[in-house]
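This is a predicted model, with the sequence first.
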Amino acid sequence: MLWEFFPCCDWETLKAVCWKGCCERGVPELCSASAIPAARCHWDGWYSGTEGAHLGGTQPGAGRKPWNAAGVWVGDGSEAPSGFLLPALALSHCLGTLPASALLLPFLSLPWGAPGWSRRAQEVYGSSWRRRMVSHGPWGHWLSWGLEALAMDQKGFRRGSSQSGTSDEDMLEIAGASMEFSMADDDPPLDREMGAGFSSYNGGGMNGTSTMMDFLEEPLPGVGTYEDFNTIDWVREKSRDRDRHREITNRSKESTWALLHSVSDAFSGWLLMLLIGLLAGSLAGLIDISAHWMTDLKEGVCLAGFWFNHEHCCWKSNTTFTDRDKCPEWKSWSQLILGHGEGAFAYILNYFMYVIWALMFSLLAVLLVKGFAPYACGSGIPEIKTILSGFIIRGYLGKWTLVIKTITLVLAVSSGLSLGKEGPLVHVACCCGNILCHLFTKYRKNEAKRREVLSAAAAAGVSVAFGAPIGGVLFSLEEVSYYFPLKTLWRSFFAALVAAFTLRSINPFGNSRLVLFYVEFHMPWHLLELVPFILLGIFGGLWGAFFIRSNIAWCRRRKTTRLGKYPVLEVIVVTAITAILAFPNEYTRMSTSELISELFNDCGILDSSKLCEYVNDFNSTKGDDLPDRAAGPGVYTAMWQLALALIMKVFITIFTFGMKVPSGLFIPSMAVGAIAGRLLGVAVEQLAFYHHDWAIFSGWCSPGADCITPGLYAMVGAAACLGGVTRMTVSLVVIMFELTGGLEYIVPLMAAAMTSKWVADAIGREGIYDAHIRLNGYPFLEAKEEFSHKTRAMDVMRPRKSDPPLTVITQDTMTVEDVETIVTSTTYSGYPVVVSRTSQRLVGFVLRRDLIISIENARKKQDGIVSTSIICFTDYCPPLPPSSPSVLKLRSILDLSPFTVTDETPMEIVVDIFRKLGLRQCLVTHNGKLLGIITKKDVLKHIAQMANQDPDSILFN
């Protein structure tokens, strides 16, 4: 044995280290009058004469005594041997079961010093090194205490000060000292771990038998998580992720397996983006194909295969191009039932079947939403914006929401309601991202990291909705994301790319495009056309402001009256009105995507649409471009039908958006703008044709030339109305030019988008999504608005002068029953921890959820925890009477660095702090003493009050 090499190392000397801890920890049975002096003699022998040479160390001077007469370590480390032999030998001898060589090797190069070797022990054996010692019986316990005592004494810390000082200032100093020198992972012994015949350790007194325990050394399930409808702590989540990443990086240098784990951890984010893109693109393709088929099912069925829609059914038909929609394989319901499709009765039958199918689809959609996933209604973008800002809505991005939203989105779009699937596709993609996050630990356990994934998923959703990957990334950055670092930008781009590629591979529309209304314009636009483009922008801004106010008023009425109690009836009534009004007009009977596609289309020679029924003069045709021509009867008929469709879309969309079915707003808004743009485009075209000699046309629009492109006006109008409703700018322009495939129309789009935003902002500052966020009372702190009022933190903090005092928890004087009474009698999400109620010196902040979980687990799993047990939030608690029950240590759940401001801090700075740091709450102090607290809800209420709005509309924190 190694002991043979060290004749000075006898058993009494080794026991002295353990006795040192026993005396300081309060085990007097082993702390006899001769124990410490005997130990001191043995230590003197180790550091004197030739015995020091046996340890292989240098001899700084004989006779130096590192312990004084009181048995306290006073050495500075210079008199110690250079190796780490003594602690290793003592450890192996005291434990009795561990080979000394196994413990010697990691420490041979470490200079002597108790704080140093304790840190080294934690580095080598992890935070559980004390548990390894105590698992070998009482000697392991006492040795760990003794070595810890050496560490404390060598730093000049005295445990006795905690027993002598009783003032709040002394306790504050003790707390600070314990932060510096103690290990947060201490696991004091339990009674059952003591050997027979030994007394247990009392954390408070010297002669008691109770036990102090900090059972939260290993995180409990649920601790650190958040309750539903609460805001996450961005600072804490980012700090956790940095600690996790730092630990993985440090471990990667120890072994090949740890290095591979580090590489896989870094690659997991990209793998997750790949999976999100594949799943989002696949679901989008499924939704597009199903919605197209079910929309055509309202008008007829394909005999060659009922699963074919009208267009696919006629692909193999031998009919001419002009009769391509009248192929024999496709039968209308009147042809299938009556045998013919002409006559009044056939028209009525088709009308009836159209309405019945629409009612069936919408009824099934609302019943599925109401019965299985209430969160599947609406577009989802307001809630996603709120979730990305740090709010918790359990189940909103869950698997049931994904399944039901995917099914009901197809049903709602197929019913013919004035809604689109593009907005809900963002919700679907975010559901995919949230579900796939559970496959990776670092995203499953960290709410901030998960929101980075959701930002990328939102980009993938817009990418498959419009076939615009770059526009999707910009949409996520501009419209929905709250925290968007550069790494998220790259991953969003990758997810959008994969999603677009997947949808392109599926080819749901059979045109090798990602959207149904992809068009290409070839004719340039003239500078004078900016005037009608700006007029379209003004119309879009006016329409956006009108729609937002009307829709919010209707939704508020739905929430505050009995109308909201009958969502199924509301959906049925709106669907019936929409179907009855839509069927007679061919431009409202078709799906909204098909309508936009036809409005964007630039008329060619083979186009058979009424919008292209011009008076043709083929003698003046040059190449493939048709000149401006006089409008024929079909064009004028189409204009009247489009005007009626515009009126219907404007009003019916107000009542449709917000119902209890999936409903997007992108497509209806674009349809309104496209109709208005096409009407204006045809008007300008005919004006230029009949008055080409006017000064505004003479320079650039000569007779026989193709000057005006009405489809371009429709596209600009669509962008203007969508921008007026959503207040999008950069992402909107990019999405629209990705739809057209040309860059030369960016200036018209930019002019219309900016004009619509300016006009809409002049009437109301909020977009439709921000308005719905405020309507629902979500705690969303808009980063785009500025706070310019001259108020201070004391004006906003709680409690106010007339309120009861602030509810606080003291650090070491309250019992379990006291804390449980506070938790049950209040609804706060957290509580400040102070030194005492009289001093109000701030120690930290503890979350309500963590308190509840910790106390419940302590009562179930720890012996001796009763209602009268003291809860201690410090490392070292004050002494208690011997008969006191066990002390419950909850320091590990205490946030020791809560964000604080003084009472004189301007609210402008406080608001910026909440926005940029994503805080849940901020504590207000004065000269170091706690005065009050400001929560995110308080900030939002104050902003609403300053804007002359109802502050009680903010429902959540």
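Good, I have the coordinates. Note that this is a predicted model, so its numbers are computed, not measured.

can you give me the strands for the protein?
Under the criterion DSSP state E, strands of the chain are mapped to 212-213, 300-302, 330-332, 809-810, 830-834, 842-847, 871-872, 887-889, 900-902, 921-926, 929-935.

Pop out the phi and psi values for residue 418.
Main-chain dihedrals, residue 418, degrees, to the nearest 10: phi -80, psi 80.

Correction: the previous question concerned residue 885.
Dihedral pair for residue 885: phi -70, psi 180, per degrees, to the nearest 10.

Which one of the strands of the chain lies nearest to residue 881?
Nearest to residue 881 among the strands of the chain is strand 887-889 (11.9 Å), distances taken as Cβ to Cβ. The C-beta positions use only the backbone N, C-alpha and C, and glycine is treated the same way.

Buried residues, that closest one. List them.
Buried residues in strand 887-889, defined by neighbour count with 16 or more other Cβ atoms under 10 Å: 887-889.

Same question for stretch 308-316.
308-314.

would you turn these into TSV with distance to residue 736 and pLDDT?
Converted to TSV, those look like this (distance: Cβ to Cβ, whole Å; pLDDT from 0 to 100):
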residue	distance to residue 736	pLDDT
308	32	86
309	27	83
310	28	84
311	25	82
312	28	82
313	32	83
314	31	82
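
Return the member of those residues nearest to residue 483.
Minimum distance to residue 483 across the buried residues of stretch 308-316 is 41.9 Å, recorded for residue 309 (Cβ to Cβ).

so that closest one touches residue 302, yeah?
Yes: applying Cβ atoms under 8 Å, one finds residue 309 in contact with residue 302, separated by 7.4 Å.

contacting residues for the nearest residue to residue 866 once chain neighbours are set aside?
Nearest non-adjacent residue to residue 866, counting by Cβ to Cβ, 6 or more residues apart in numbering: residue 885, 5.1 Å away. Residue 885 sits next to 210, 864-866, 868-870 when contact means Cβ atoms under 8 Å, 6 or more residues apart in numbering.

Selecting buried members of those residues in PyMOL, what would you type?
Buried residues within the contacts of residue 885, by 16+ other Cβ under 10 Å, are selected in PyMOL with:
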select buried, resi 210+864+865+869+870
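
and which of the contacts of residue 885 is nearest to residue 363?
Each of the contacts of residue 885 was checked against residue 363 using Cβ to Cβ; the closest is residue 865, at 55.4 Å.

Excluding sequence neighbours, find me the nearest residue to the closest one.
Closest residue to residue 865 in three dimensions, ignoring its sequence neighbours and counting by Cβ to Cβ, 6+ apart: residue 858, at 4.6 Å.

Can you report how many residues lie near the one you found?
Counted with other Cβ atoms under 10 Å, residues neighbouring residue 858 total 23.

And the closest residue to residue 550 other than its chain neighbours, how far from residue 273?
Setting aside the residues directly before and after it, residue 550 is nearest to residue 654 in space (Cβ to Cβ, 6+ apart), at 4.6 Å. The spacing between residue 654 and residue 273, counted by Cβ to Cβ, to the nearest Å, is 38 Å.

State the mean pLDDT of stretch 735-753.
Mean pLDDT, computed over stretch 735-753, is 85.

Dump the C-alpha coordinates for it into PDB.
Coordinates of the C-alpha atoms in stretch 735-753 are reproduced here as PDB (Å, rounded to 0.1, in the frame of the first residue of the first chain):
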ATOM      1  CA  ILE A 735     -42.800  38.800 -51.600                       C
ATOM      2  CA  MET A 736     -44.600  40.500 -54.500                       C
ATOM      3  CA  PHE A 737     -41.600  40.700 -56.800                       C
ATOM      4  CA  GLU A 738     -40.800  37.000 -56.000                       C
ATOM      5  CA  LEU A 739     -44.300  36.300 -57.200                       C
ATOM      6  CA  THR A 740     -43.800  38.000 -60.500                       C
ATOM      7  CA  GLY A 741     -40.200  36.900 -61.200                       C
ATOM      8  CA  GLY A 742     -39.100  40.300 -62.300                       C
ATOM      9  CA  LEU A 743     -37.100  43.000 -60.600                       C
ATOM     10  CA  GLU A 744     -38.200  45.900 -62.800                       C
ATOM     11  CA  TYR A 745     -41.500  46.400 -60.900                       C
ATOM     12  CA  ILE A 746     -39.900  47.000 -57.500                       C
ATOM     13  CA  VAL A 747     -40.300  50.800 -57.700                       C
ATOM     14  CA  PRO A 748     -44.100  50.700 -58.300                       C
ATOM     15  CA  LEU A 749     -44.500  48.200 -55.500                       C
ATOM     16  CA  MET A 750     -42.400  50.300 -53.100                       C
ATOM     17  CA  ALA A 751     -44.300  53.400 -54.000                       C
ATOM     18  CA  ALA A 752     -47.600  51.700 -53.400                       C
ATOM     19  CA  ALA A 753     -46.500  50.000 -50.200                       C
END
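
Please renumber the chain so that the first residue is 737 from this point on.
Okay, using 737 as the starting number, the last item reads as stretch 1471-1489.

Now it: buried residues?
Along stretch 1471-1489, the positions that meet the burial threshold by neighbour count (16+ other Cβ under 10 Å) are 1471-1476, 1481, 1484-1489.

who touches it?
Contacts with stretch 1471-1489, where a contact means Cβ under 8 Å, 6+ apart, come from 1198, 1202-1208, 1210-1211, 1251, 1253-1257, 1260-1261, 1265-1266, 1269-1270, 1272-1273, 1276, 1336, 1448, 1451-1456, 1459, 1464-1465, 1468-1469.

Could you do stretch 1557-1569 as well?
So stretch 1557-1569 is contacted by 963, 966, 1542-1547, 1578-1585, 1587-1588, 1609, 1630, 1634, 1656-1657, 1659, 1666, 1669, 1671, 1693 (Cβ under 8 Å, 6+ apart).

distance between the ends of it?
The first and final residues of stretch 1557-1569 sit 15 Å from each other (Cα to Cα, to the nearest Å).

buried ones in that stretch?
Along stretch 1557-1569, the positions that meet the burial threshold by neighbour count (16+ other Cβ under 10 Å) are 1558-1559, 1564-1569.

Which one of these is nearest to residue 1376?
Compare each of the buried residues of stretch 1557-1569 with residue 1376 using Cβ to Cβ and the shortest gap goes to residue 1565, at 59.0 Å.

Need phi/psi at that closest one.
Main-chain dihedrals, residue 1565, degrees, to the nearest 10: phi -80, psi -10.

Quick check: residue 1652 vs residue 970, distance?
Using Cβ to Cβ, we find residue 1652 at a distance of 10 Å from residue 970.

what do you get for residue 1270?
41 Å.

ok, now residue 1318?
47 Å.

sorry, back to before: okay, the buried residues of strand 1623-1625 in a markdown table with distance to residue 1409 and pLDDT next?
Converted to a markdown table, those look like this (distance: Cβ to Cβ, whole Å; pLDDT from 0 to 100):
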| residue | distance to residue 1409 | pLDDT |
| --- | --- | --- |
| 1623 | 69 | 88 |
| 1624 | 64 | 90 |
| 1625 | 64 | 89 |
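
elements contacting the helix ranked longest in the chain?
Ranked by residue count, the top helix of the chain under DSSP state H comes out as helix 992-1033. In this structure, helix 992-1033 makes packing contacts with helix 970-987, helix 1046-1049, helix 1135-1150, helix 1158-1173, helix 1177-1180, helix 1183-1202, helix 1222-1242, judged by 3 or more Cβ pairs under 8 Å, 6 or more residues apart in numbering; DSSP states H and E.

Show me what the fifth one is packed against.
Which is helix 1177-1180. Short answer (3+ Cβ pairs under 8 Å, 6+ apart): helix 1177-1180 packs on helix 992-1033, helix 1183-1202.

Now it: buried residues?
Taking 16+ other Cβ under 10 Å as the neighbour-count basis, helix 1177-1180 is seen to contain the buried residues 1178-1179.

same thing with stretch 1533-1542?
Those would be 1533, 1542, for stretch 1533-1542 by 16+ other Cβ under 10 Å.

Show residues contacting it.
For stretch 1533-1542, with Cβ under 8 Å, 6+ apart as the criterion, the contacting residues are 1568, 1639, 1660, 1666-1671, 1674.

Please identify which of the residues you listed is nearest to residue 1106.
Distances from those to residue 1106 were compared by Cβ to Cβ; the smallest belongs to residue 1671, at 33.4 Å.
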